[in-house]
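S.K.: Predicted coordinates and the sequence they were generated for:
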Protein chains: 2
Amino acid sequence: MRRMVSLQNEKVKSWKKLQMRKWREKEGMYLLEGPHLLQEALFTAYDRLTAIIMDEGFHLPPDWPIEDIEVYQVTHKIFTELSQTETPQGVIGICRMIPPALSIRKGHYLLVDGVQDPGNLGTLIRTADAFGLDAVFLGEGCVDGYNAKTLRSAQGSHFHLPVIHRDLFAVTAEMKKSGIPLYGSSLQGKDMTGIAADGPYFGLVVGNEGNGASPELLAEMDKEVKIPMAGRAESMNVAVAAGILLYWLQTEGLAHGA
Amino acid sequence: MRRMVSLQNEKVKSWKKLQMRKWREKEGMYLLEGPHLLQEALFTAYDRLTAIIMDEGFHLPPDWPIEDIEVYQVTHKIFTELSQTETPQGVIGICRMIPPALSIRKGHYLLVDGVQDPGNLGTLIRTADAFGLDAVFLGEGCVDGYNAKTLRSAQGSHFHLPVIHRDLFAVTAEMKKSGIPLYGSSLQGKDMTGIAADGPYFGLVVGNEGNGASPELLAEMDKEVKIPMAGRAESMNVAVAAGILLYWLQTEGLAHGA
């Protein structure tokens, strides 16, 4: 274990820069904060964690497998600089992103177009994980999938499935080539309860909180679907809508024997 | 229109106190912030709004029906004191809560037990509205339904259905008397896809983000149900789970001809 006492230390400065999206993308690394997320990373995606940074007074749980991980203790002042939560819990990890070279095969995918709220995005990733999807793709206008708030609300799902920033038109083109049916969530779509899914596999597109997915992307879909709403709310939260549509697709998929 | 310039003004002090839950409950009033929420209140629940407070430079939309509402312009300093958002939008309303004397009849209800995050609670209320439920009941351990963040994420649904703080054991007892079947969301419940709903009406209980609904409350349920999860996430966000369960109950309800 090494001890750091200066904010001017080069390592400390490079960690701090990971608070910026641009830097995270350049380095392919991000900050992972709090014991619960670190524990999930350590036990399910060990090779992603490259370093652990502890505040003064934080005690490493004795069962954490940290033999090959660099551990640093920093002053409370440095820790506070690095922390991005209101109530820091004394430990931050430095994590590798998964390289985005995933080849698309027949499977189950969520495509996220222009979602702006990091909490919503994290909940979408957590929901995709709960349904056992194969990957989540984030389009160009989307908030960063490795933002501290996104990571927090995803509750460790980043370690269970790939979360990849990629042009969604390229993704949908690949899916079409693989014969994966594409569904777009849209208030102008057809009531989903009235239609059948095209087989067990799917790519589901959900969009921006205010405007939904872009018309250009929706034009690429095989089906535009809408959740029937009996009440007076104009729309649903994007993560709630995705959950309902994934449940529907999963139930339909089971009917197809996937 | 009246103009207020002093933070010591009694009216300003009484508005400021509405930032506290205790005071809101005592007065039966709350603060509603931002033009979108005010517009929804004005056009769908006109009698709930008693006053409008504007920052310097805010222009009242000419189509707002405010004949019988007191309008105050305040200094930017006062407005900043009253505002509870990071990016204030220049206008705050003073709203009446609905009196909680709702008698339970056969219908569709959401019961929220111990949810802590105001954003989650607001999303739950918005989802209940989207499904056209008759009311949302909030149990004793629940965050305040009239918290600024709850109101914001509910996006005006408070004006479409009653949002009532009440002892959930009293509510479930009344529902049982009315013959309304009770469903509890629980990770220990039965896979919902395998079971039938007991008729078109329901009370659905969802619980705390970490621990779910209390065992005592779940013991009152007719059925404990669980969303099938194929993936590795241990659980879903409470609002996403509620959305999926309400969709299921609605589809089941339609099958029953409700």
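M.R.: The structure has been received and is ready for your questions.
S.K.: Quick one: end-to-end distance for stretch A:147-165.
M.R.: With C-alpha to C-alpha, to the nearest Å applied, stretch A:147-165 spans 13 Å between its terminal residues.
S.K.: what are the ranges of the helices in the stretch 151-258 of chain A?
M.R.: A:168-177, A:215-218, A:238-255 (DSSP state H, counting those that start in this stretch).
S.K.: any idea which of the ones you listed is most buried?
M.R.: helix A:238-255 (a mean of 23; mean count of other C-beta atoms under 10 Å in any protein chain shown). The way it works is simple: take the backbone N, C-alpha and C, and place the C-beta from them, glycine included.
S.K.: In JSON lines: the helices of the stretch 151-258 of chain A, plus mean pLDDT.
M.R.: As requested, the helices of the stretch 151-258 of chain A are exported to JSON lines (pLDDT from 0 to 100):
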{"stretch": "helix A:168-177", "mean pLDDT": "97"}
{"stretch": "helix A:215-218", "mean pLDDT": "97"}
{"stretch": "helix A:238-255", "mean pLDDT": "89"}
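S.K.: Which one, of those helices, ends up nearest to chain B?
M.R.: Checking the helices of the stretch 151-258 of chain A against chain B by C-beta to the nearest C-beta gives helix A:238-255 as the closest, at 3.8 Å.
S.K.: Dump the C-alpha coordinates for the closest one into PDB.
M.R.: Extracted C-alpha coordinates of helix A:238-255, given in PDB (Å, rounded to 0.1, in the frame of the first residue of the first chain):
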ATOM      1  CA  VAL A 238     -37.900   6.100 -20.100                       C
ATOM      2  CA  ALA A 239     -36.600   3.400 -17.700                       C
ATOM      3  CA  VAL A 240     -40.100   2.300 -16.700                       C
ATOM      4  CA  ALA A 241     -41.100   2.100 -20.300                       C
ATOM      5  CA  ALA A 242     -38.000   0.100 -21.200                       C
ATOM      6  CA  GLY A 243     -38.800  -2.300 -18.300                       C
ATOM      7  CA  ILE A 244     -42.300  -2.900 -19.500                       C
ATOM      8  CA  LEU A 245     -41.300  -3.400 -23.200                       C
ATOM      9  CA  LEU A 246     -38.500  -5.800 -22.200                       C
ATOM     10  CA  TYR A 247     -40.900  -7.800 -20.100                       C
ATOM     11  CA  TRP A 248     -43.300  -7.900 -23.100                       C
ATOM     12  CA  LEU A 249     -40.400  -8.900 -25.500                       C
ATOM     13  CA  GLN A 250     -39.200 -11.500 -23.000                       C
ATOM     14  CA  THR A 251     -42.700 -13.000 -22.600                       C
ATOM     15  CA  GLU A 252     -43.100 -13.000 -26.400                       C
ATOM     16  CA  GLY A 253     -39.600 -14.400 -26.700                       C
ATOM     17  CA  LEU A 254     -40.500 -17.300 -24.400                       C
ATOM     18  CA  ALA A 255     -43.600 -17.900 -26.500                       C
END
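S.K.: Contact residues of the stretch 51-200 of chain A facing chain B?
M.R.: For the stretch 51-200 of chain A, the contact set with chain B under C-beta under 8 Å from any C-beta of the partner chain comprises A:119, A:123, A:126-133, A:153, A:155-157, A:160-161, A:193.
S.K.: where along the stretch 151-258 of chain A do the strands fall?
M.R.: Secondary structure of the stretch 151-258 of chain A (DSSP state E, counting those that start in this stretch): strands at A:163-165, A:182-191, A:202-207, A:223-226.
S.K.: among those strands, which is the most enclosed?
M.R.: Here the criterion is mean neighbour count by mean count of other C-beta under 10 Å, and of the strands of the stretch 151-258 of chain A the winner is strand A:202-207, at a mean of 26.
S.K.: Dump stretch A:150-164 to CSV, keeping only the CA atoms.
M.R.: The C-alpha trace of stretch A:150-164 is given here as CSV (Å, rounded to 0.1, in the frame of the first residue of the first chain):
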residue,chain,number,x,y,z
THR,A,150,-24.9,6.4,-14.1
LEU,A,151,-22.6,3.9,-12.4
ARG,A,152,-24.3,4.5,-9.0
SER,A,153,-27.8,3.9,-10.3
ALA,A,154,-26.8,0.9,-12.4
GLN,A,155,-25.7,-0.8,-9.1
GLY,A,156,-22.9,-2.9,-10.6
SER,A,157,-24.7,-4.0,-13.8
HIS,A,158,-21.7,-2.6,-15.8
PHE,A,159,-19.9,-5.7,-14.7
HIS,A,160,-22.6,-8.0,-15.9
LEU,A,161,-23.0,-6.9,-19.5
PRO,A,162,-21.2,-4.6,-22.0
VAL,A,163,-22.1,-0.9,-22.0
ILE,A,164,-20.9,0.5,-25.3
